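S.K.: build me a model from this:
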Amino acid sequence: GAVTADTVRYLRFHHMPDPYASDEVEQMLSSPQPEQYNSELYWNLVRTFVLWGMLDEAWAVLSRHSNCQQCFRSNIPTLDEYHEAILQEDRDGFLALRDVLLSAPLPGGRNDENDSGLDITPSEEVDNQGVVVAAAAATTSEVFGSPSAYKLWETCGSTISADGIGSDFPVEYNPNAAKTAHSAWTKYIFSLTPLEDLTRRIPQLQSVLMILRGNLQSTVFESWSEALCAELLYVRPALRPNDLHIRTARIMEKFGGSADSGFDNVILDVMKGNAGRVVEVLHDLGGGSGAALPATMTALLTNLFTEAELVSNPDEHPHSLNIQTELLLSASHAILSSLTESQKDIGVRLSTRLLLPYARPNGDGRVTATLAETLERHAPQSDAETKQLIGLCRPLIEKKSMRVLDGCVGLCLSRYKYYMADQ
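M.R.: Residues are numbered from 1 along each chain as shown. Modelled structure (predicted):
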């Protein structure tokens, strides 16, 4: 369960197509009765959102159903007792369905707003679909937790320490609490009589409820990623990290994939915790191209793996290469090469900031030498730029780093020559 939320987000962001890409989908949703406009397309869209765990979007589509719109119309004419009872039955059913969908404690959340990994905090529990809804008939928070119970699956804290560095360790994750909330939510679906009544009126909802209850035997999946995503959401949300690659390999085989072919093999290696394979793939996908951004990302990720002891350097051999240092220096050169001429000052600042944390007195001397050489060759255009660069290097100078001191002296001499030439 510790990796379920991140895996679901990864699958949705990188392996799922855009469900709104078709113009026909937009036309269907804008029609007064979308389920009549194209019934197959409508229910396929609903099931797709449910399989991906995007229950906010699933409710947005379901709430456009003509029966749902009829239930919550404000200008409903006077009806006889029979039709009023039917209307109330549908209203209770849709309220129960909304309550279930918008309170699901699913790993990865009920929408894709944070799937990119940019930590965009969505507004909590706001119905922004433009649909008129009433208060739910039953409060699920009394049964299995609050509507934000999906956060129980999160393993990364959002707290910021005094030095401005965010924490990245399990400060909120409680596997027992997360599993209990998910299990209670699943049982709660079975107990809702209004939902059963609604499925008799709208039979297509039966397949949706089967997915929510974790019954995927009759579900047709479009890809292995969709099948894995649904299994993690509804069947095995507490899957152990060591078992993730095993389940993924089995699902891939069902869809004709092979653990020895192409990108599928890379995914399985990453799931196994092969950090070296991650670095290799990033290097092949652009980290070794000389472009500044991919080279920097590859170098920084390698540094994280090294500090976490997931990647080791073969220091015992005198002729071995320190991969951490090699990638770091390659990223520095890529930055300086990409930002030249009018943006050279930006390149030097970025390169300096990249190398400074690793230019330790007891570290690799090549990092310190590269930093000093970068400073010595740079001709700052202003005193403010010179002061900023020297300020960045001050902690190293105070630790008696003579090479970095020589680089800063070179910056001062450059400004001295500028003033002498001006006079």
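S.K.: where does pLDDT dip in this protein?
M.R.: 1, 74-79, 117-147, 156-173, 257-261, 313-321, 341-342, 423 (pLDDT under 70).
S.K.: need the strands for it, in chain order.
M.R.: Applying DSSP state E to the chain gives no strands.
S.K.: contact partners for the nearest residue to residue 400 once chain neighbours are set aside?
M.R.: In space, and not counting its chain neighbours, residue 400 is closest to residue 361: 7.3 Å by Cβ to Cβ, 6 or more residues apart in numbering. C-beta: built from backbone N, CA, C; applies to glycine. The contact partners of residue 361, taken as Cβ atoms under 8 Å, 6 or more residues apart in numbering, are 399-401.
S.K.: equivalent analysis for residue 55, please.
M.R.: 49, 101-102, 104, 106, 110-111.
S.K.: recalculate using a threshold of 10 Å.
M.R.: By Cβ atoms under 10 Å, 6 or more residues apart in numbering, the residues touching residue 55 are 49, 62, 98, 100-104, 106, 109-111, 150, 212, 233.
S.K.: same question for residue 205.
M.R.: Counted by Cβ under 10 Å, 6+ apart, residue 205 has contacts 43, 46, 62, 65, 93, 97, 195-196, 198-199.
S.K.: and with 8 Å instead?
M.R.: 97, 195, 198-199.
S.K.: re earlier: nearest to residue 244 among the contacts of residue 55?
M.R.: residue 233 (13.8 Å; Cβ to Cβ).
S.K.: tally up the residues packed near the closest one, please.
M.R.: Counted by other Cβ atoms under 10 Å, the residues lying close to residue 233 total 26.
S.K.: does it touch residue 110 like I think?
M.R.: No - using Cβ atoms under 8 Å, residue 233 makes no contact with residue 110, being 10.1 Å away.
S.K.: in stretch 372-381, which residues are buried?
M.R.: Neighbour-count burial for stretch 372-381 flags 372, 374-376, 378-380 (criterion: 16 or more other Cβ atoms under 10 Å).
S.K.: repeat that for stretch 344-364.
M.R.: Per 16+ other Cβ under 10 Å, stretch 344-364 contains these buried residues: 345, 347-352, 354-356, 358-359, 364.
S.K.: and if you look at stretch 42-62?
M.R.: Those would be 42-43, 45-62, for stretch 42-62 by 16+ other Cβ under 10 Å.
S.K.: how long is stretch 357-376 end to end?
M.R.: From its first residue to its last, stretch 357-376 covers 19 Å (Cα to Cα, to the nearest Å).
S.K.: oops, could you answer that again for stretch 329-349 instead?
M.R.: End-to-end distance for stretch 329-349, by Cα to Cα: 15 Å.
S.K.: all helices of the stretch 251-400 of the chain, in order?
M.R.: 262-271, 275-282, 292-307, 323-338, 344-355, 365-377, 383-398 (DSSP state H, counting those that start in this stretch).
S.K.: what does the shortest one contact?
M.R.: What it means is helix 275-282. Contacts of helix 275-282 (Cβ under 8 Å, 6+ apart): 266, 269-270, 287, 294, 297-298, 301-302, 305, 310-311, 323, 327.
S.K.: repeat that for 10 Å
M.R.: Residues beyond helix 275-282 that count as contacts (Cβ under 10 Å, 6+ apart) turn out to be 263, 265-270, 274, 287-288, 294-295, 297-299, 301-302, 304-306, 308-312, 323-324, 327.
S.K.: just the buried ones from these, in PyMOL syntax?
M.R.: Typed into PyMOL, the next command selects the buried ones out of these (criterion: 16+ other Cβ under 10 Å):
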select buried, resi 265+266+267+268+269+270+274+287+288+294+295+298+299+301+302+305+306+311+323+324+327
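S.K.: next one: stretch 222-230 to chain centre, how far?
M.R.: Centroid separation between stretch 222-230 and its chain, computed with Cα atoms, centre = their mean, to the nearest Å, is 17 Å.
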